[in-house]
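1. Okay, sequence plus prediction incoming.
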Amino acid sequence: MRWGSSALALATVLFSTHVYADPLQKSEDIVNYFAGQGNLGASRGICVGTEEECKSKAEKNEAPQKAGLDMMINFALDSAQLDQTARTELDEFAKALKDNRLSTFSFVVEGHTDATGTDRYNQDLSQRRAQSVAAFLAANGVQSTRLEPIGLGKSHPRVANPYDPVNRRVEMRIRTQ
């Protein structure tokens, strides 16, 4: 893992397609990451992968726009359905959110799409993706009142190519209010 600094005041957990072969984050790693975010001061970013992969992502400007912990979740084109890998990742995230050290945190669950489709369709699909993640977390014991799913359509791509599958993702950040 490589820690970087960011001027952003929010911590983010980034869910995107399985474009990179990042290892599964364990719930304890997630708890430790967010437990230090309680003051919402300067946030930290994590690049998960080998040092070479992290350097490559930074050089290609593929690092997330917001600092955060990368966790890879697969959304197929035109789908809000979670595959088995996504469920495994989210199961670890649910365990982390149920930990007493994170019990005071609430999260905004932001759904995103690539540019395939109309604006209206992408808005709906991104909302369904966010709701899919929030529903899974709630079904695994996370209080639904701690999760606010919103769809942002294709308005905030992760990478420059608006059609890149990396843009089909859900990002989670600590809700500040």
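-> That came through, no problem. Numbering: from 1, shown residues only.

2. from here on, contacts and neighbour counts on C-alpha atoms
-> Will do.

3. buried ones in the helix or strand encompassing D29?
-> Assessed by DSSP states H and E, D29 sits inside helix 27-35. Neighbour counts over helix 27-35 (16 or more other Cα atoms under 10 Å) mark S27, I30, V31, Y33, F34 as buried.

4. And the helices in this structure?
-> 27-35, 51-59, 84-98, 119-139 (DSSP state H).

5. Turn the buried residues of helix 27-35 into JSON lines, including distance to L147 and pLDDT.
-> Output for the buried residues of helix 27-35, formatted as JSON lines (distance: Cα to Cα, whole Å; pLDDT from 0 to 100):
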{"residue": "S27", "distance to L147": "18", "pLDDT": "86"}
{"residue": "I30", "distance to L147": "16", "pLDDT": "83"}
{"residue": "V31", "distance to L147": "17", "pLDDT": "84"}
{"residue": "Y33", "distance to L147": "18", "pLDDT": "78"}
{"residue": "F34", "distance to L147": "15", "pLDDT": "77"}
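
6. and the angle for the helix holding D29 with helix 84-98?
-> Here helix 27-35 runs at an angle of 50 degrees relative to helix 84-98 (axes from the mean of the first three to the mean of the last three Cα atoms, to 10 degrees).

7. Tell me the helices and strands packed up against helix 27-35.
-> In terms of contacts (3 or more Cα pairs under 8 Å, 6 or more residues apart in numbering; DSSP states H and E), helix 27-35 is packed against helix 84-98.

8. now the helix it packs on: mean pLDDT?
-> For helix 84-98, the per-residue pLDDT values average out at 91.

9. so what secondary structure elements neighbour it?
-> helix 27-35, strand 68-72, helix 119-139.

10. That helix vs helix 119-139, what angle?
-> 60 degrees.

11. re earlier: I'd like the helices of the chain as CSV, with distance to G151 appended.
-> CSV is the format used below for those (distance: least, Cα to Cα, whole Å):
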stretch, distance to G151
helix 27-35, 23
helix 51-59, 26
helix 84-98, 18
helix 119-139, 4
